[in-house]
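Trainee: Quick one: sequence plus predicted model below, questions after.
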Amino acid sequence: MRTLIMAGFVTLDGVIQAPGGPGEDTEGGFPFGGWQVPFADDELGTIVGDYFRSASALLLGRRTYDIFAAYWPGQAEAGDQFAASLGRMPKYVVSRTLTDATWENTTVLRGEAHDVVAELKQGGDGEILIQGSSRLLQHIHDLVDEYRLFTYPVVLGRGKRIFADGAPARTLRAVETRATAGGAVYTAWVPAGEVRTGSF
């Protein structure tokens, strides 16, 4: 069975919308596109590069796919080796409406998100990486085997969140954590069972 890894950039209040640029995702009138950029550093690039290189496939929601497909192929044509490796990687996009997946090595998964991703996990070995894709993520949290998150010292008060209302209740355990020079805290989290409660 494949391992499903969710990677993303998140504010202290859980927002993952449009970290990379002002026009990335303005849905809902989101005014803070590019909030992550002032904190970027070489260490961020190294960590992100490492987890992309360890993945055997990339899983995306429709909106994130559109953003990636509009940017990365052009970077590959310009000689960017990371972009070229993304092009070669098998990519899966969950969508009911996408008819023409133009980015090379892309397969469109149709049907209920949870069902098609569960089936994808069964099909072989290796890591499937889901980057961002907040709307898709809300349907498959119980299928995620590990979260690799950069948390930033920013509170936005609005935007798409990594865990929306209705996300399955569970505890997580940190298996790796480090602070970057740019001000982010990178943590890898794995599910650790049901939520336990108590009193003092």
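Mentor: Good, I have the coordinates.
Trainee: Surely Ala101 is in a strand?
Mentor: No. Applying DSSP: H, G, I helix; E, B strand; the rest coil, one finds Ala101 to be coil, outside a strand.
Trainee: Quick one: distance of the top helix by length along the chain to the chain centre.
Mentor: Longest helix of the chain, by residue count under DSSP state H: helix 62-77. Chain-centre distance of helix 62-77: 14 Å, with Cα atoms, centre = their mean, to the nearest Å.
Trainee: same deal with stretch 174-188?
Mentor: 16 Å.
Trainee: Could you name the helices and strands sitting against the longest helix of the chain?
Mentor: helix 81-88, strand 91-94, helix 134-140 (3 or more Cβ pairs under 8 Å, 6 or more residues apart in numbering; DSSP states H and E). C-beta: built from backbone N, CA, C; applies to glycine.
Trainee: Can you tell me what sits against the shortest one?
Mentor: Right, the one you point to is strand 91-94. Strand 91-94 is touched from outside by 57-62, 65, 101, 103, 105-109, 113, 116-117, 120, 128, 136, with contacts defined as Cβ atoms under 8 Å, 6 or more residues apart in numbering.
Trainee: quick one: average pLDDT of the helix or strand following that strand?
Mentor: Following strand 91-94 in sequence order, the next helix or strand is strand 106-109 (DSSP states H and E). Strand 106-109 shows an average pLDDT of 95 in the prediction.
Trainee: Okay, now the sheet partners of strand 106-109, with direction.
Mentor: Strands that pair with strand 106-109, judged by DSSP bridges, come out as strand 91-94 (parallel).
Trainee: related to what we said a few turns ago, report the buried residues of the longest helix of the chain.
Mentor: 62-69, 72-73, 76 (16 or more other Cβ atoms under 10 Å).
Trainee: Looking at these, which one is closest to Ile162?
Mentor: Using Cβ to Cβ, Thr64 comes nearest to Ile162 of the buried residues of helix 62-77, at 13.3 Å.
Trainee: And the strands in the chain?
Mentor: 3-11, 57-61, 91-94, 106-109, 127-131, 146-152, 172-179, 185-191 (DSSP state E).
Trainee: Including mean neighbour count, could the ones you listed go into a markdown table?
Mentor: Below are the strands of the chain laid out as a markdown table (neighbours: other Cβ atoms under 10 Å):
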| stretch | mean neighbour count |
| --- | --- |
| strand 3-11 | 21 |
| strand 57-61 | 24 |
| strand 91-94 | 23 |
| strand 106-109 | 17 |
| strand 127-131 | 22 |
| strand 146-152 | 21 |
| strand 172-179 | 12 |
| strand 185-191 | 17 |
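Trainee: Return the residues in contact with Leu172.
Mentor: Here Leu172 is in contact with 147, 189-192 (Cβ under 8 Å, 6+ apart).
Trainee: List just the nearest of the residues you listed to Pro19.
Mentor: For these, the nearest to Pro19 is Tyr147 (15.4 Å; Cβ to Cβ).
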